[in-house]
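> Sequence and predicted structure are below.
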Amino acid sequence: MISDSMHLRFLILFLMILQQVVQLPAQGDDPPGQPVLVAPADQSTGNPTGITLSVIVSDPDADLLSVTFYGRKKPDSTDDFTLVGLPDTQYYTGELNGGSADIFYSQTQWIVENREEKNIVYVVQAGDCAENGDLVEAEWKRADTAMKKIEDPLTTLLADGIPYAVAVGNHDQTPLGNPNGTTDLFNAYFGAARFAGREYYGGHYGTNNDNSFQLFHAGGMDFLVITIEYDPGANAAVLNWADSLLIAHADRRAIIVSHYLIGPGNPGNFGAQGQAIYNQVKDNPNVFLMLGAHYPGEGRRTDHFNGDTMHTLLADYQARTNGGNGWLRLMQFSPANNSISVQTYSPWLDQWEQDADSEFDLPYNMNDAALDSIGSVGNVVSESIVEIPWTNLDPNTTYEWFVEVSDGLGTLTGPRWSFSTGDHQLDVKVFLEGPFFVDNMVTDLGTSIPNDQPYDMPPWNYNGTENVSDFPPDVVDWVLVELRDAPDSLAAGMNSRIFRTAALLKENGDIVSTDGVSLPGFPESINKELFVVIWHRNHLPVLSASPLFNSGGIFQYNFTQDAGAAFGGAEGYSILPGNRWGMTAGDGNADGMINDADQTGWNADAGYSGYLLFDLNLDRQSDNRDKNERWLNNLGKTSMVPD
């Protein structure tokens, strides 16, 4: 049995140990150190379109670190831009309560006249465009006249006009306020057919345009706008459609427009449909703004969910003099200030309304537009170099990036660095049958090769200014390199051509720039897959059978290994000594066929020396070897390159 004195000793010992534990300093409680840039150099230019980002990270407590890299294209513009909201226009189109179509016309005319000054990038009419739904077509004709002003390419200087949408309100439905009724006149005047083919029009739900979406770009950011028809019952299928759009376009900043969202005041109370929409979309972090009308007055509210903020605005002036007196809403986005400045203006009165409900600022973070996680590296030892590749970058584009370093207890965000890419590069290898001998090509043309590229005549008609003053001794001849952007080689016809350049062909098959050393570059971005066509003045052209392989911004292809490297295989290609393959000699008139017309051309060149079209083996002579060993051997072959 333990005595009381033993209990006391144990208690004292336990308290002493506890005191030591409590007084021990926390391990690893200092934040990580600032990351140190290794590569690429800050603000450097001419970098490849596939690059390795590299930093040195450290931690004063020598904790293991996790490093996450973030980057994006540097925004092409941080200029302010403006969205315009047109509330209920029903009394203008219906010419009721003192309203007139001229008031509506003054609104859209003002938008056109101020498009450039205020950088107006999008307009939305928030429903109740008309007063009597399908009953009075004259109202829709007036609305049509008003909106045509902002979609006119001549006055807006935009091919598709100013991007815009018209939402469906309760007065646009027949019977009034019945979402299960008809919207025939709305769809006759503002249906999908009106917007089809416009770059900003995304599409619609179901069989009509009552619920639609639009896409636009401004201030270096991509936006999605979804308009949802007035429906107090909040159709679940429509809400699911909207939710699916937000998920599919998670990289776009999203705005929801529906006629009745909230009532007046700050905060304005959600209506039934507004609450249902909010509940459906609130878990999509890209939704930041909802716009409504319907209820006369002004209102707003701000809601937070999972750390994200959503602003909802109401503006409806139909209860005022003359059916609204032309009041509209301007929302000026300022990326530099991370704010949206809301203003209220009437072109009809040429007046600004500046009370606290009509003019205010909303905070909104725009500095991290299109910011993506490039990748993460874990369990990093302090004072280590951490690297991660960033590939498939666009050429001649400026990017910015930074890292976040975490030791498990705290996270430090490093400074932002930037760099610019140069052209993509081409690493292509091809042989010509004519000059091929043993394992490479002869360079007999030498000084006969013209200093200026020779493809400025039919059928190539290439007007490039490539020029070489002194040819390196290992150059065989000029070739014309053509790039095509297509889903596959069969679809890589002439209409998929995106770039051409004249380049030098070396004796080992490498194609190089006019300096005789560097790889040819090209500035175009690629939307599908990249294919290459090689043209030579007296050989059949070849198209790559497969897409070029992108290795860090260098697009590679080797035509020499087998017939399958060329589209169409051996039909338009030739086997060479050493089981190599090359472009077929004999097409001296470059018409894509090796036939009797080429012999006629050879007859004209025969016996001459120099840079000749019918010198098929490129030895500076047009003689029987060209005819018998090249033309005759390949007679009947044709180009397999799709037109």
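Now that the structure is in, tell me what you want to look at.
> so Pro435 makes contact with Val475?
No - counting by Cβ atoms under 8 Å, Val475 is not a contact partner of Pro435; they are 11.3 Å apart. Where C-beta positions appear, they are placed from N, C-alpha and C, glycine not excepted.
> In terms of neighbours, single out the busier of those two.
Remark: of Pro435 and Val475, Pro435 carries more neighbours, 24 against 20, as counted by other Cβ atoms under 10 Å.
> As a check, name the ranges of all strands in the stretch 201-350 of the chain.
Along the stretch 201-350 of the chain, counting by DSSP state E, counting those that start in this stretch, strands occupy 201-204, 212-218, 221-228, 253-258, 287-292, 297-305, 308-316, 328-334, 339-346.
> And the contacts of the second one?
This points to strand 212-218. For strand 212-218, contacts defined as Cβ atoms under 8 Å, 6 or more residues apart in numbering pick out 81, 119, 121-122, 163-165, 192, 195, 200-205, 222-227, 245, 249, 252, 333.
> of the strands of the stretch 201-350 of the chain, which approaches Asp423 most closely?
Of all those, it is strand 212-218 that lies closest to Asp423, at 24.2 Å by Cβ to Cβ.
> Find residues that contact each of Pro435 and Val475.
In contact with both Pro435 and Val475: Thr443, using Cβ under 8 Å, 6+ apart.
> what residue lies at the spatial centre of this structure?
Asp222 (8.6 Å; Cα atoms, centre = their mean).
> Excluding residues flanking it in the chain, which one is nearest it?
Arg252 (4.5 Å; Cβ to Cβ, 6 or more residues apart in numbering).
> can you pull the contacts of the one you found?
Leu215, Asp222, Phe223, Leu224, Asn286.
> and what of Pro179?
Taking Cβ under 8 Å, 6+ apart, we find Pro179 in contact with Gln173, Glu229, Tyr230, Asp231, Gly233, Asn235.
> now swap in Gly323 and tell me
Counting by Cβ under 8 Å, 6+ apart, Gly323 has contacts Gln90, Tyr91, Tyr92, Leu96, Asn97, Gly98, Gly99, Ser100, Ile103.
> Go through the residues you listed and give me the one with the most neighbours.
Busiest of the contacts of Gly323 [other Cβ under 10 Å] is Tyr92, holding 32 neighbours.
> from memory that residue sits against Gly98, does it?
No - Tyr92 is beyond contact range of Gly98, at 10.0 Å (criterion: Cβ under 8 Å).
> pLDDT of stretch 189-197, averaged?
Taken as a whole, stretch 189-197 has a mean pLDDT of 97.
> How about stretch 454-466?
pLDDT averaged over stretch 454-466 gives 95.
> what do you get for stretch 277-292?
pLDDT averaged over stretch 277-292 gives 97.
> pull the CA atoms of that stretch into CSV?
What follows is the C-alpha trace of stretch 277-292 in CSV, where atoms were taken according to Å, rounded to 0.1, in the frame of the first residue of the first chain:
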residue,chain,number,x,y,z
ILE,A,277,-30.5,31.1,-56.8
TYR,A,278,-28.2,32.1,-54.0
ASN,A,279,-28.5,28.8,-52.3
GLN,A,280,-27.8,27.0,-55.5
VAL,A,281,-24.7,29.0,-56.6
LYS,A,282,-23.1,30.1,-53.4
ASP,A,283,-20.6,27.2,-53.3
ASN,A,284,-19.1,28.4,-56.6
PRO,A,285,-16.3,30.7,-55.6
ASN,A,286,-16.3,32.4,-59.1
VAL,A,287,-19.7,34.0,-58.5
PHE,A,288,-19.2,37.5,-57.1
LEU,A,289,-22.1,39.6,-58.3
MET,A,290,-25.9,39.2,-58.8
LEU,A,291,-28.0,41.9,-60.5
GLY,A,292,-31.8,42.3,-60.3
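> Show me how far it is from its chain's centre.
Remark: stretch 277-292 is offset 24 Å from the chain centroid, using Cα atoms, centre = their mean, to the nearest Å.
> Would you mind measuring from Phe229 to Thr93?
Rather than Phe, residue 229 is Glu. Taking Cβ to Cβ, to the nearest Å as the measure, Glu229 falls 18 Å from Thr93.
> which one of those two has more residues nearby?
Taking neighbours as other Cβ under 10 Å, Glu229 and Thr93 compare with Thr93 leading, 30 against 26.
> wait, that one sits on Glu139?
Yes - counting by Cβ under 8 Å, Thr93 sits close enough to Glu139 to count as a contact (4.1 Å).
> joint contacts of the two?
Residues touching both Thr93 and Glu139 (Cβ under 8 Å, 6+ apart): Ala130, Glu131.
> ok, of the contacts of Pro179, which come out buried?
Gln173, Glu229, Tyr230, Asp231, Asn235 (16 or more other Cβ atoms under 10 Å).
> Distance check, the first one against Leu154.
Computed as Cβ to Cβ, the Gln173 to Leu154 distance reads 34 Å.
> now the closest residue to Phe549 other than its chain neighbours: how far from Ser518?
What sits nearest to Phe549 in space, not counting adjacent residues and going by Cβ to Cβ, 6+ apart, is Gln556, at 4.8 Å. Separation of Gln556 from Ser518 (Cβ to Cβ): 15 Å.
> what's the answer for Gly607, then?
Note on Gly607: its distance to Ser518, by Cβ to Cβ, is 39 Å.
> next one: Pro163
Going from Pro163 to Ser518 by Cβ to Cβ gives 43 Å.
> Compare the two (neighbour count), which wins?
Pro163 (26 against 10).
> Please list all residues in contact with the residue lying closest to that one once chain neighbours are set aside.
Distances taken as Cβ to Cβ, 6+ apart place Tyr200 nearest to Pro163, at 3.9 Å, with adjacent residues excluded. Residues in contact with Tyr200 (Cβ under 8 Å, 6+ apart) are Asp160, Pro163, Gln214, Leu215, Phe216.
> Can you pick out the most distant pair from those?
Taking Cβ to Cβ, the two most distant members of the contacts of Tyr200 are Asp160 and Leu215; they sit 11.6 Å apart.
> just to revisit the earlier point, so for Gly85, which of the strands of the stretch 201-350 of the chain sits nearest?
It's strand 328-334; of those, that one is closest to Gly85 (Cβ to Cβ) at 3.8 Å.
> Which residues does that closest one contact?
Contacts for strand 328-334 (Cβ under 8 Å, 6+ apart): 80-87, 107, 118, 218-219, 313, 315, 340-347, 364, 366.
> Same check on stretch 452-463?
By Cβ under 8 Å, 6+ apart, stretch 452-463 touches 464-467, 478, 480, 500, 502, 535, 537, 590-591, 611.
> Correct me if wrong: the residue nearest to the centre of the chain contacts Asp251.
Yes - counting by Cβ under 8 Å, Asp251 is a contact partner of Asp222 at 6.6 Å.
> In PyMOL, how would I select the buried members of the contacts of strand 212-218?
Applied in PyMOL, the following selects the buried portion of those according to 16+ other Cβ under 10 Å:
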select buried, resi 81+119+121+122+163+164+165+195+200+201+202+204+205+223+224+225+226+227+245+249+252+333
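> chain center to the lengthiest strand in the chain: distance?
As assigned by DSSP state E, the longest strand anywhere in the chain is strand 475-486. Averaging C-alpha positions (Cα atoms, centre = their mean) puts strand 475-486 28 Å from its chain's average.
> Show me what that strand is packed up against.
With contacts taken as 3 or more Cβ pairs under 8 Å, 6 or more residues apart in numbering; DSSP states H and E, strand 475-486 sits against strand 424-429, strand 497-506, strand 529-536.
> ok, now with 6 Å
When contacts are defined as 3 or more Cβ pairs under 6 Å, 6 or more residues apart in numbering; DSSP states H and E, strand 475-486 packs onto strand 497-506, strand 529-536.
> could I get those strands as a markdown table with mean neighbour count and mean pLDDT?
Formatted as a markdown table, the helices and strands packed on strand 475-486 follow (neighbours: other Cβ atoms under 10 Å; pLDDT from 0 to 100):
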| stretch | mean neighbour count | mean pLDDT |
| --- | --- | --- |
| strand 497-506 | 21 | 97 |
| strand 529-536 | 23 | 97 |
